[in-house]
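Got a predicted structure plus its sequence, pasted below:
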Amino acid sequence: MTKRFVFPLAAVVSVAATVAMTASAVGRAFGVVPAAPTGWVVSSADFTIPGGGQGLANAACPAGLVPWGGGALAPDVWGAWLNGSLPEAAGGLSDWFADIYSPGDKAQTGTVYAVCAAAPANYSENSGSWAVAPHHTKTGTVTCPLDPKTGIATDVLAGGAEQNEPFDGLTSIQSSYPNTIHSWRVVYNNPTSGTSSFDVVIVCGEPTMYRKVAGTHVTVAPGAPGTATVACPGKLVEAGGGGFIKPKAGTNVYTTGIVPRTDSFGYGIDIQNASTNPVALVPYAICVG
């Protein structure tokens with residue numbers, strides 16, 4: 001497992017003691033240390049995906065930290081896609097889960113990411129489930145719970161989806177993004193001849209600083225892969241991120257990567273456009289401090 005650390009001024013001593021590097025060594029290129037939430041860290045884990053099958057893995061948060069976001073990266077193989085990328089809710093939120101399908105007869109490598117920090121105020125998760133008709137896509141949207149004091153929905157930090165039934169690797173994420181500052185939306189593909197279903201899980205809270213950022217859209221040609229990136233402004237760092245594909249292109253466009261950026265602070269989104277029409281990919285990042 002590899003980890004990328006950025007320490008706020010009030011760094012968590014137990015986390016800081018685990019690496020022999022300074023905050024400036026992992027800040028932006030010009031040396032500005034972001035105003036990250038306490039204990040902020042991006043963890044990642046590589047895992048094996050069998051040829052013609054699914055690979056499942058988790059990126060765990062260090063003890064005392066919770067997932068604020070995360071993502072996954074499929075191998076650079078045409079037809080590999082994300083079946084699932086979402087916060088792991090079973091037994092308490094402590095990691096990010098990835099489910100990746102890879103075609104062919106050779107094993108490939110995927111990567112799962114978890115963006116972790118100390119829990120913000122009113123940290124919680126919420127979820128929903130939807131059925132998808134054969135050869136269709138389905139949109140599912142989950143909204144954050146209400147702040148018990150204000151009665152207003154808390155801020156969405158991140159979200160994602162996972163196939164439910166059947167668990168066969170043939171369905172996939174098309175779009176996954178924050179459609180408002182309080183909710184997360186997923187468009188899920190079902191290219192099969194049977195009914196499928198998927199779950200959407202989100203994490204919410206009230207960080208000290210918060211901003212939803214949309215990047216510049218990228219046009220992806222038919223039969224081609226595409227990548228779009230978005231950076232967090234100022235001294236903010238990434239929590240969750242994702243991408244929105246427009247217009248919907250049936251079940252022939254799928255997400256292959258939702259990745260916290262390592263060259264700066266933000267997200268990179270990868271897709272494959274197997275349709276006969278160009279599509280626009282809009283990247284999003286939830287930026288926090």
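Perfect, thanks for sending it.

For the stretch 101-250 of the chain, give me the ranges with low pLDDT.
Low-confidence segments of the stretch 101-250 of the chain, defined by pLDDT under 70: 248-249.

can you pull out the strands in the stretch 101-250 of the chain?
108-117, 121-132, 136-143, 155-163, 172-180, 183-190, 196-206, 210-214, 218-220, 224-231, 237-246 (DSSP state E, counting those that start in this stretch).

quick one, which of these is packed in tightest?
strand 155-163 (a mean of 28; mean count of other Cβ atoms under 10 Å). All C-beta atoms are positioned from the backbone trio N, CA, C, and that covers glycine.

That one - contacts with which helices or strands?
strand 66-73, strand 81-88, strand 95-102, strand 172-180, strand 183-190, strand 196-206, strand 237-246, strand 279-288 (3 or more Cβ pairs under 8 Å, 6 or more residues apart in numbering; DSSP states H and E).

who's Ala231 bridged to?
Under the criterion DSSP bridges, Ala231 forms beta bridges with Gly266.

Could you pull up the residues touching it?
213, 215, 261, 264-266, 285 (Cβ atoms under 8 Å, 6 or more residues apart in numbering).

What's the ChimeraX syntax to select whichever of those are buried?
This is how ChimeraX selects the buried members of the contacts of Ala231, with burial counted by 16 or more other Cβ atoms under 10 Å:
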select :213,215,261,265,266,285
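
Looking at the contacts of Ala231, which is nearest Ala224?
The nearest member of these to Ala224, counting by Cβ to Cβ, is Gly215 at 18.9 Å.

Name the helix or strand for Ser43, please.
strand 41-49 (DSSP states H and E).

Give the partner strands of the next helix or strand after that strand in its sheet and their orientations.
Per DSSP H and E, the first helix or strand lying C-terminal to strand 41-49 is strand 53-60. The partner list of strand 53-60 in its sheet, established with DSSP bridges, is strand 95-102 (antiparallel).

rewinding a little: by contact count, what packs against the strand holding Ser43?
Checking 3+ Cβ pairs under 8 Å, 6+ apart, strand 41-49 ends up next to strand 2-5, strand 53-60, strand 95-102, strand 108-117.
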